[in-house]
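*Asks:* Below is the structure, and that's it, no one-letter string:
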Ligand SMILES: C[S@@+](CC[C@H](N)C(=O)[O-])C[C@H]1O[C@@H](n2cnc3c(N)ncnc32)[C@H](O)[C@@H]1O
């Protein structure tokens, strides 16, 4: 099987910058109460079901994996970048992390109560996004929940350099309605939608969207 080029570029970009990324961004959700509220809402919904196992897909350094665990679910992380997974293990030694891609999830059908993709579908090109959502739907149990976070917009942001390293990273921005339509097409039912304005932290330039969807019972 030949790996799509976008996966190679994304993995390479995060492998090169994982250590600096961890130093700068590991605590990035701490000062964001609205984002934390969406994580809490998602964990609360999952915790009401019988299956509280949650995959944090594209977990990076595992900041949200740790938060979800503290919110009462059983969280583990999956990331495309082995160096990010190494950082995640160092920052969360009590949690499980594995290398893998959301385009080909290594989890059994119906095995998870929740899937969280926190700013990670942003690296999936449009033509692959439906396949990714079909995969999320496959691994969720009936009544299971999905949380996705992403930047809102129409034009992708291309990054050629990060932390003094050459990278080739594409950050896809999308409209919440478009993402919800794809979720519905994949068999997931949109449940809630939060869009907030960019924070005044010098890092954000677009609104941010947080969508929760459910696999029907
Ligand atoms: C912007 S970072 C966000 C990391 C983390 N969720 C956070 O909020 O700190 C995007 C992460 O998604 C991962 N990623 C990108 N494409 C992926 C894929 N196809 N499968 C799994 N992880 C992926 C990257 O390696 C990177 O760690």
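*Replies:* Cool, the structure landed. Note that the coordinates shown come from a computational prediction; the quantities given were computed from them, not determined experimentally.
*Asks:* Can you give me the buried ones in the top strand by length along the chain?
*Replies:* Selection of the longest strand in the chain by residue count, based on DSSP state E, yields strand 140-151. The neighbour-count check on strand 140-151 (16 or more other Cβ atoms under 10 Å) flags 140, 141, 143, 144, 145, 146, 147, 148, 149, 150, 151 as buried. Where you see a C-beta, it was placed from the backbone N, CA and C, and this is true even at glycine.
*Asks:* does the residue in the chain that the ligand sits nearest to sit in a helix, a strand or a coil?
*Replies:* Distances from the chain to the ligand, computed as Cβ to the nearest ligand atom, single out residue 60 as the nearest residue at 2.5 Å. For residue 60, the assignment made with DSSP: H, G, I helix; E, B strand; the rest coil gives coil.
*Asks:* Correct me if wrong: it contacts residue 84.
*Replies:* Yes - with the criterion set as Cβ atoms under 8 Å, residue 60 and residue 84 qualify as a contacting pair; they are 5.3 Å apart.
*Asks:* between those two, what contacts are shared?
*Replies:* The contact sets of residue 60 and residue 84 overlap at 14, 21 (Cβ atoms under 8 Å, 6 or more residues apart in numbering).
*Asks:* near the ligand, which of the buried residues of strand 140-151 show up?
*Replies:* With Cβ under 6 Å from any ligand atom as the criterion, the subset of those in contact with the ligand is empty.
*Asks:* what residues does the chain put near the ligand?
*Replies:* That would be 7, 10, 14, 25, 57-61, 63-64, 78-81, 84, 101-103, 118-120, 123, which are the residues of the chain within reach of the ligand (Cβ under 6 Å from any ligand atom).
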